[in-house]
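# Whatever this is, show me its structure:
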Amino acid sequence: MLFFLATPEYNNTQSNTTKVRVHLKNGVAEIFDQHQDLMGRVDNNIVEIEVNTEKTLFILQDAVFVVSTKGLDKTAELKGTSVYIYARRAQEIKSNVSLDEIAKQYDQKNAEIERFSNKLVEESSESGKTRINSKLTLLKDELGFLKKVTLMIKELK
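Presented below is the predicted three-dimensional model:
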């Protein structure tokens, strides 16, 4: 089974995946070879893939998935069940992921939020305030994602 995870900054492809576990709002979907075609949103932002007995866990931000038994790429040699996941951001959770690096990213996002909050106070035009509020919302989403990643890493250690 083919597994493909894509974000604007990251791609992961596994061609020999035996199982994909997608955490949804109403439960967990386990996808094996010859699974029915399916499409949905990853609500709990966790996806596990299994290659033989080795498991890999990903934390996702705003993800959708497609399961296809025909494959989305007609030119691909590998036919059969494919799982495609598209996310705004993904972080693979493994033992060697550095909490210090995640903390550094968190601090940078916090500093950006503070800077844009100050700009919002200084801004006089409504269009400028709307633009700054949009940026603040995105930064707060990213901050929430980094918090979730940190919690998952701590939980695994």
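# Please name the nearest non-neighbouring residue to the most centrally placed residue in the chain.
In the chain, the C-alpha closest to the average C-alpha coordinate belongs to Leu60, at a distance of 1.9 Å (C-alpha atoms, centre = their mean). If the residues on either side of it in the chain are set aside, Leu60 comes closest to Ala87, at 4.1 Å by C-beta to C-beta, 6 or more residues apart in numbering. Using the backbone N, CA and C atoms, a C-beta is placed for each residue, glycine as well.
# Would you tell me which strand is longest in the protein?
Looking only at the chain and at elements set by DSSP state E, the strand with the highest residue count is strand 54-68.
# who's in contact with the residue nearest to Leu60?
With contacts defined as C-beta atoms under 8 Å, 6 or more residues apart in numbering, Ala87 is in contact with 5-7, 42, 60-64.
# Which single one of those residues is nearest to Ser125?
The closest of those to Ser125 turns out to be Asp62 (C-beta to C-beta; 29.4 Å).
# distance of the closest residue to the closest one other than its chain neighbours from Val149?
With C-beta to C-beta, 6+ apart as the measure, Arg88 is the residue that lies nearest to Asp62, at 4.2 Å, once sequence neighbours are left out. In this structure, Arg88 and Val149 are separated by 13 Å, where distance is defined by C-beta to C-beta, to the nearest Å.
# What count of nearby residues applies to Leu24?
Using other C-beta atoms under 10 Å, Leu24 is surrounded by 14 other residues.
# Who are the contact partners of it?
In this structure, Leu24 makes contact with 40-44, judged by C-beta under 8 Å, 6+ apart.
# what kind of secondary structure is the residue of the chain most remote from its centre in?
Note on the chain: the largest C-alpha distance from the chain mean falls to Ser124, namely 36.0 Å (C-alpha atoms, centre = their mean). The three-state label given to Ser124 by DSSP: H, G, I helix; E, B strand; the rest coil is coil.
# Show the contacting residues for it.
The neighbours of Ser124, taking C-beta under 8 Å, 6+ apart as the test, come to nothing; the list is empty.
# when you give positions from now on, start the count at 59
In the new count, where the first residue is 59, that last one comes out as Ser182.
# now the host helix or strand of Glu213, how far from the chain's geometric center?
In this structure, Glu213 sits in helix 184-214 according to DSSP states H and E. With C-alpha atoms, centre = their mean, to the nearest Å as the basis, the distance from the averaged C-alpha position of helix 184-214 to the chain average is 14 Å.
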